[in-house]
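> Need a 3D model of the following:
(chains A and B)
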Amino acid sequence: MFKPEELVIKKLDKNFYAGGKCINALAQVDFTVGRGEFVNLIGPSGCGKSTLLRCIAGFEKPTSGRVSLDGREITGPGVERMMVFQSFEQLFPWFTVLENIMFALKVTGMGASRAERREIARTYVAMVGLTGFDDFYPHQLSGGMKQRVAIARALSVRPRILLMDEPFGSLDALTRLTLQEELIRIWEETGVTILFVTHNIEEAIMLGDRIVVFETNPGRIKEILPNPLARPRSPEAKEFNLIWEQIHALLGFKNPEQMRAEKKVAKLFRGERELSCLTNL
Amino acid sequence: MVKAREEKTERKKTLNQVLFIIGALLGWELMAWTGWFPPLLFPKMSQVLIHLWAGLSGGELLARVAFSLYIIGLGLSLAVVTAALVTTGAMLSPLISDWVQALMAVLHPLPGIAILPVIILWLGTGSRSIVAVIWFSSLWPLIANLHTGLRSVPTTQIEVGRNLGLKGSQLVRSILLPGAFPYILTGLRVGWARAWQASVAAEMVFGASGGEGGLGWFIYKKRFFLEIPSVFAGMILIILIGLLVERLCFEEVERRTVRRWGMTAE
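Predicted coordinates for the structure are as follows:
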């Protein structure tokens, strides 16, 4: 299927200065995302995957290189690139579920009247399966429900790209699975492009069309894997496991020194066990 | 179910407290009846209430209350405006932020009433001086709470606002201020209490010029003429106003906002 390029990231570098030291969070990141694509970013913590997302959102300025959407360079935050965060605090606690979405519609100039915005907001609440919770305040919702509202709010302003920074990272395993399924359904219905950061291999395989594997220090792309699995995807499928192993191998590198140290410790433990066996006799 | 039970225990608690206060007042009355203490210094509670009623119906006490509320309102409003300006400055420039923090550290521990002697020298003995003391007393808790409140707003909420295209004053108005509201409310509460203390204390030092004064001045004047029941009446009125404002104003606002939103300070 032909997918025109939408988001182009070229030779992106991002350095942070902390304590007089320069940390190279991202080095020479190069990749493109097609319209309507679902791309997962995965990697060890500190690999800069979240930083990359924040650069695309416009919250961070790249040290060098450029990020552009449909040929226009990104210089700051914008509604066409909505971010969904991991934090349960991303909803405004002084607004109800409906008001949170209505506020987003209002400040972005969508919907002619309050009544119209209410109607639009209702539709999005229904889309994430929260009908009946319109007038609940965020503190009355569970973590999973809060993330649903955040997704509804982000989509309500009709962004081109949804940037998701480990949105299910703080949820329990069951809720996470349900939300993954729903996200796929919403993605298929809306056709929105999704960039999804995760540190969970299963999640990456369940969701993405492509999986971008990052390595750390400096943060850069190690490999981009296509994920041809047919949807709905099942973790039991043989191909699923093949991709899993592939990613695991890509992520699970150990440096030789650490391996040697581990072997040494293991040997000490073995010696200890043998000794205690002898004394117990 | 649970809510109903909670309400029941809450009502029981209130009833208990009211009964205790009525009991204490009756105890007072009985103590005065025994004649163990000189009635001039320890008047009967009934006497105090009669004086309270007479003062209120005669209009004198009402005029004093009106004056107190006016002067406190003025001082507190000025303090709120100053706090808003100072905090805005602190948000715009890290340099000003450092200065404000230094000022707070130095001046916050100073009781407002302690600056009265200097204020009298500068502004004379009039209501202007009292307003100045009220302003100074309530300013620091207001600034401290506003400052903490603004910093307590989660970064993600600010970023959601920026993502939606909000900038500058829009961001402050629609995200930072509501987010800081629990702290702002606390600041107003403390500021109000401090303002009352300051006004009563200041008026007791030099009364007020030109026969105009608030409840502090009323108490001071009545003590001067040894009308002790009226002194107690003035004190009771201060307590009643404090309770009324707390219950009808602050608690009501808190119930409709902070508690409804599940946002509690700290």
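
> Please make it C-alpha for all contacts and neighbour counts, starting now.
OK.

> Let's verify the residue nearest the centre of chain A: helix, strand, or coil?
Among the residues of chain A, the one closest to the centroid is residue A:197, at 2.3 Å (Cα atoms, centre = their mean). Judged by DSSP: H, G, I helix; E, B strand; the rest coil, the three-state class of residue A:197 is strand.

> okay, it: pLDDT?
Residue A:197 is assigned 96 on the pLDDT scale.

> In this structure it contacts residue A:48, no?
No. Using Cα atoms under 8 Å, residue A:197 is not in contact with residue A:48, being 10.3 Å away.

> Contact partners for the residue nearest to the centre of chain A?
Listed by Cα atoms under 8 Å, 6 or more residues apart in numbering or on different chains, the contact partners of residue A:197 are A:40, A:41, A:42, A:49, A:50, A:53, A:164, A:165, A:166.

> who wins for neighbours among those?
residue A:49 (30 neighbours; other Cα atoms under 10 Å in any protein chain shown).

> ok so, going back, looking at the contacts of residue A:197, which is nearest chain B?
residue A:165 (11.5 Å; Cα to the nearest Cα).

> Phi, psi for that closest one please.
phi -100, psi 90 (degrees, to the nearest 10).

> Verify the stated contact: it with residue A:196.
Yes. Using Cα under 8 Å, residue A:165 is in contact with residue A:196, at 6.2 Å.

> would you turn the contacts of residue A:197 into TSV with secondary structure, distance to chain B and pLDDT?
Supplementary listing: the contacts of residue A:197 in TSV, determined by DSSP: H, G, I helix; E, B strand; the rest coil; distance: Cα to the nearest Cα, whole Å; pLDDT from 0 to 100:
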residue	secondary structure	distance to chain B	pLDDT
A:40	strand	21	96
A:41	strand	21	95
A:42	strand	22	94
A:49	helix	17	90
A:50	helix	14	91
A:53	helix	13	95
A:164	strand	13	97
A:165	strand	11	95
A:166	coil	13	95
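
> got the contact list for stretch A:140-156?
Residues outside stretch A:140-156 that contact it (Cα under 8 Å, 6+ apart) are A:82-84, A:88, A:90-91, A:97, A:100-101, A:104-105, A:120-121, A:124-125, A:127-128, A:130, A:138, A:162, A:167-168, A:170-171, A:175-176, A:179.

> Buried only: go through those residues for me.
For these, a neighbour count by 16 or more other Cα atoms under 10 Å in any protein chain shown gives the buried set as A:82-84, A:88, A:90-91, A:97, A:100-101, A:104-105, A:120-121, A:124-125, A:127-128, A:130, A:138, A:162, A:167-168, A:171, A:176, A:179.

> Average pLDDT for stretch A:231-243, rounded please.
The model assigns stretch A:231-243 a mean pLDDT of 87.

> Would you mind giving both backbone torsions of residue B:246?
phi -60, psi -50.

> ugh, typo on my part, it should be residue A:144
Phi and psi for residue A:144, reported as degrees, to the nearest 10, are phi -60, psi -40.

> how many neighbours does it have?
Residues contacting residue A:144 under the criterion other Cα under 10 Å number 19.

> Mind checking the pLDDT average for stretch B:224-232?
Rounded mean pLDDT across stretch B:224-232 is 90.

> likewise stretch B:112-122?
Throughout stretch B:112-122, pLDDT has a mean value of 89.

> List the contacts of that stretch.
Taking Cα under 8 Å, 6+ apart as the rule, stretch B:112-122 contacts B:129, B:132, B:133, B:134, B:136, B:137, B:198, B:201, B:202.

> can you give me the offset of that stretch from its chain's centre?
Centroid separation between stretch B:112-122 and its chain, computed with Cα atoms, centre = their mean, to the nearest Å, is 20 Å.

> likewise stretch A:200-209?
Using Cα atoms, centre = their mean, the offset of stretch A:200-209 from its chain centre is 10 Å.
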